[in-house]
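Enquirer: Build me a model:
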Amino acid sequence: MAMRGKSKSGTTQDVPSGRDGDEASLRQSEERLRYALNASSDGLWDWDLATHHVYFSPRWKSMLGYADQELENHFSTWDRLVDPSERDRVVREAEDYTADRIPKFEVEFRMRHKAGHWVEILSRATAMRDAQGQAVRLIGTHTDITDRKRADDEIWRLTHVLEQRVQERSTALIEMEDRMRRLVALVPAGIVIYGADGRILLSNPAAQKMLGLSSAEAAGKGVEDPAWQFLRADGTPMALEGYPVSQVLARRAALLGQIVGIRRRPGQVPLWTLVNAEPRFTPDGRIAEVIVGFMDISERIQAENLLRQMNDELEKRVARRTADLSESEARLRTLSEATFEGIMLSRNGIIEDCNDQLARMFGYSRGDLLGRAVLNFVVPEARERLGQAISEGVEAILEQKVICKDGSHRLVESHGRSPGGPNALRFTAIRDVTERRKTEEQLEASRAALERSRRLAEISEISAGIVHQIGQPVSAIAGNVFAARELMAQGHSSRATMDEMLGEIEADLQRIRDIMARLRSLVHPLQNHRQRTDLNQLVAEALDNLNAEAEAQEIQVQFDRAATLPLVTVDRVQINQALRNLVENAFQAVATSPVKPRLVRITTRAVQGGGVELEVGDSGPGITPGQEERIFDSFYTSKPKGMGIGLRIARTIIQTHGGQLEACNNHHSPGATFRLRLPVCTPPAP
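Expert: This next block holds a predicted model:
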């Protein structure tokens, strides 16, 4: 009785009737399939969908590092070893295939190796269906594609490295990289079964595709066919006895991992394959068949050639870049020797290189400076600031004294920067400003002398004006007093006459008081015209008037204003004068500082409980300790051009408004801060 089995494609196959014939045919088919799969390095699995019993071939298990007896032939074995993140996707693919929703089952996923790492798997399967077309079994193979995945990753990595180092990618390389990815995306195995006479009995579609033959053309073809040419790994022709089939027939043993090139017709580019071959023996020990499995590795060979070309190209570019850097270094050395400035390269505070100009500046030879600490060449009081700039790797422009070989000191201006951070190479340009500073000091002394002369002249003029203005009323008073005495002595004094003379004396005294009031207004302009005012607005007006002076002295003014401030009742002219005095005092303080940037910061804020507060801070030398109150005394000054009345006038104005003005040195940075407070009050009723 004949049995008919329906495959996925719907074709039928007649098998011999009777149990013995069925079993013999089945054993022969299974044995042939086993040899074919062993030769192709693939693992076989057969899944009974009703019982979940799964047969896993020994190769299937060894692919994951297990012996045959170590894994149970059950669906749970696969379920345990598959990557959990991919399990549901693979199961859905199988369900869609068995339900006829997709035409084929071919899926990639990962399984856990006994050693703990992941093995990349390509699984293909076909369904066996019953008479009603229902799938009852899935029979498939596992192919280890881990090496292909690694080859993909390695090619990508090397391509990326090349992109980073040469910073260019041509269109041709991009297209070639894309083609390579497509070529290595899938590497199917070809299977050919030869008879004992060396002729092809059977071949699978993958083998036919690689060999360029149809099934009919491949059948009966022998290895000695003159149209075929087999090549050794080095590309030379392979003798007939070296063919994989010939070796297996002669040695009666398996052949594993031989690289063979196949040229199908003269002049054609050979197809490179990795070949495994294994004989199948009859019960009496004769070779019945030779199963040959081969994998197309042409992409791998091409990739290796491309990598060699890329490496050669990279080495050439590195050589060219090295030559360019050497030439650039030579030009830089020539330039550094031609400049009048000293050039120093240091790392972590140690001098690594310098030019001859720096060595001459310090009185050393260039070799004496190399390997020594930078801080050893600056005076002790300058080491902390320079050391901080070096350790933090920040850019710094400093004016400081350096110690020469003979012990003398030179004043230098240095500009240092570390582009790569604290531990990177630091570049410093050093200029000797000793003579320039002496010239500037002499000019400053001359200016100060001229300023003193000008002030003395002004004082003389003011004094003369005061004497002239007060002299007339004083003379008139003296004349009236003399006349009054004469009249009294002569006894002619009448009350009317005396009242007239006393009136004239009072008028002259008022003139003196008016003159003194105008003189005081020059020093203390305290008119009482107060109104409610926004302090932020007064600060902005004062800064507008001082902007040109700040730019001329390279001073950065930063105004940190409060978003909202309560209004204060003040005389706008007087408070504006006080603010100008404080800001100009800060300008004078930072103008003498060698440290840049020269910074003046103005801050306003509301005071809890009522009132406003304003701070004027600078980055100058600060206040001499113990002189915080004395600086507000009249005619006290620490500046060559100061008159000693600006701060006194400012404090007087603030105090007449019920406020306070005080000064202190900054806690965490150079300079001083002047802080004023004004109360919030309502204007007097009209």
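
Enquirer: Quick check, Ala303 in contact with Asp153.
Expert: No. Proximity of Ala303 to Asp153 does not meet the contact threshold set by C-beta atoms under 8 Å, at 11.9 Å. Where C-beta positions appear, they are placed from N, C-alpha and C, glycine not excepted.

Enquirer: Looking only at neighbour counts, state which of those two leads.
Expert: Each of Ala303 and Asp153 has its neighbours counted (other C-beta atoms under 10 Å); Ala303 has more, 19 against 10.

Enquirer: quick one: that one is in a helix?
Expert: Yes. Counting by DSSP: H, G, I helix; E, B strand; the rest coil, Ala303 is part of a helix.

Enquirer: Excluding chain neighbours, what is closest to it?
Expert: Nearest non-adjacent residue to Ala303, counting by C-beta to C-beta, 6 or more residues apart in numbering: Ile155, 5.7 Å away.

Enquirer: Helix, strand, or coil at that neighbour?
Expert: helix.

Enquirer: Can you report how many residues lie near it?
Expert: Other residues near Ile155 come to 21 when the count uses other C-beta under 10 Å.

Enquirer: Could you list which residues are in contact with the residue positioned nearest the centre of the chain?
Expert: The chain has Gly420 as the residue nearest its centroid, 11.7 Å off, counting by C-alpha atoms, centre = their mean. By C-beta atoms under 8 Å, 6 or more residues apart in numbering, the contact set of Gly420 is Gly393.

Enquirer: any idea of the pLDDT on it?
Expert: The model reports Gly420 with a pLDDT of 79.

Enquirer: hang on, it in a helix?
Expert: No. Read with three-state DSSP, Gly420 is coil and lies in no helix.

Enquirer: Look up how far Ile430 lies from it.
Expert: Distance of Gly420 to Ile430, computed by C-beta to C-beta, to the nearest Å: 20 Å.

Enquirer: repeat for Thr273
Expert: Using C-beta to C-beta, we find Thr273 at a distance of 70 Å from Ile430.

Enquirer: residue boundaries of the helices in the stretch 401-550 of the chain?
Expert: In the stretch 401-550 of the chain, the helices defined using DSSP state H, counting those that start in this stretch lie at 434-490, 495-523, 535-552.

Enquirer: Might you list the low-confidence residue ranges for the stretch 251-400 of the chain?
Expert: Judged by pLDDT under 70, the stretch 251-400 of the chain has its weakly predicted residues at 324, 326-340.

Enquirer: Let me see the mean pLDDT of stretch 434-445.
Expert: For stretch 434-445, mean pLDDT is 82.

Enquirer: Repeat that for stretch 563-571.
Expert: Average pLDDT, stretch 563-571: 90.

Enquirer: in that stretch, what's buried?
Expert: Neighbour-count burial for stretch 563-571, counted by 16 or more other C-beta atoms under 10 Å, picks out Leu565, Pro566, Val568, Thr569, Val570, Asp571.

Enquirer: Surely the first one forms part of a strand?
Expert: What that stands for is Leu565. No. Leu565: not assigned to a strand; according to three-state DSSP it is coil.

Enquirer: Now do the contacts for it.
Expert: Asp534, Leu535, Asn536, Thr604, Arg605, Ala606, Val612.

Enquirer: Please identify which pair of those residues lies farthest apart.
Expert: Spatially, the most separated pair among those is Asp534 and Arg605, at 13.7 Å (C-beta to C-beta).

Enquirer: ends of stretch 129-148, how far apart?
Expert: One end of stretch 129-148 sits 34 Å from the other (C-alpha to C-alpha, to the nearest Å).

Enquirer: Please point out which parts of that stretch sit buried.
Expert: Buried, per 16+ other C-beta under 10 Å, within stretch 129-148: Arg129, Ala135, Arg137, Leu138, Ile139, Gly140, Thr141, His142, Thr143, Asp144, Ile145, Arg148.

Enquirer: Pro244 versus Arg300, what's the distance?
Expert: In terms of C-beta to C-beta, Arg300 sits 19 Å off from Pro244.

Enquirer: Please say which of these two ends up with more neighbours.
Expert: Pro244 (24 against 20).

Enquirer: how close does Arg347 get to Leu369?
Expert: According to C-beta to C-beta, Arg347 and Leu369 sit 14 Å apart.

Enquirer: same check, this time on Gly212
Expert: Relative to Leu369, Gly212 is positioned 75 Å away (C-beta to C-beta).

Enquirer: just Glu93 next, same as before
Expert: Distance of Glu93 to Leu369, computed by C-beta to C-beta: 73 Å.

Enquirer: So what's the residue count around the closest residue to Gly658 other than its chain neighbours?
Expert: Here the nearest residue to Gly658 in space, its sequence neighbours aside, is Pro679; by C-beta to C-beta, 6+ apart that works out to 5.1 Å. Around Pro679 sit 16 other residues, with neighbours defined as other C-beta under 10 Å.

Enquirer: show me what contacts Pro679?
Expert: So Pro679 contacts Val568, Gly610, Gly611, His657, Gly658, Gly659 (C-beta under 8 Å, 6+ apart).

Enquirer: hmm, 10 Å instead?
Expert: If you count contacts by C-beta atoms under 10 Å, 6 or more residues apart in numbering, Pro679 has them with Pro566, Val568, Thr569, Val607, Gly609, Gly610, Gly611, Val612, His657, Gly658, Gly659, Gln660.

Enquirer: Then Thr282?
Expert: Residues near Thr282 by C-beta under 10 Å, 6+ apart: Ala196, Ala288, Glu289.

Enquirer: Make sure Ala429 is actually in contact with Met361.
Expert: No. The criterion here is C-beta atoms under 10 Å, and Ala429 misses it with Met361 at 11.8 Å.

Enquirer: So which of those two has more stuff around it?
Expert: Comparing Ala429 with Met361 by other C-beta under 10 Å, the one with more neighbours is Met361, at 21 against 17.

Enquirer: measure the more buried one to Cys354 for me?
Expert: As for Met361, its distance to Cys354 is 10 Å (criterion: C-beta to C-beta).

Enquirer: so what's in contact with Asp534 and Arg605 at the same time?
Expert: Common contacts of Asp534 and Arg605, defined by C-beta under 10 Å, 6+ apart, comprise Arg561, Leu565, Val612.
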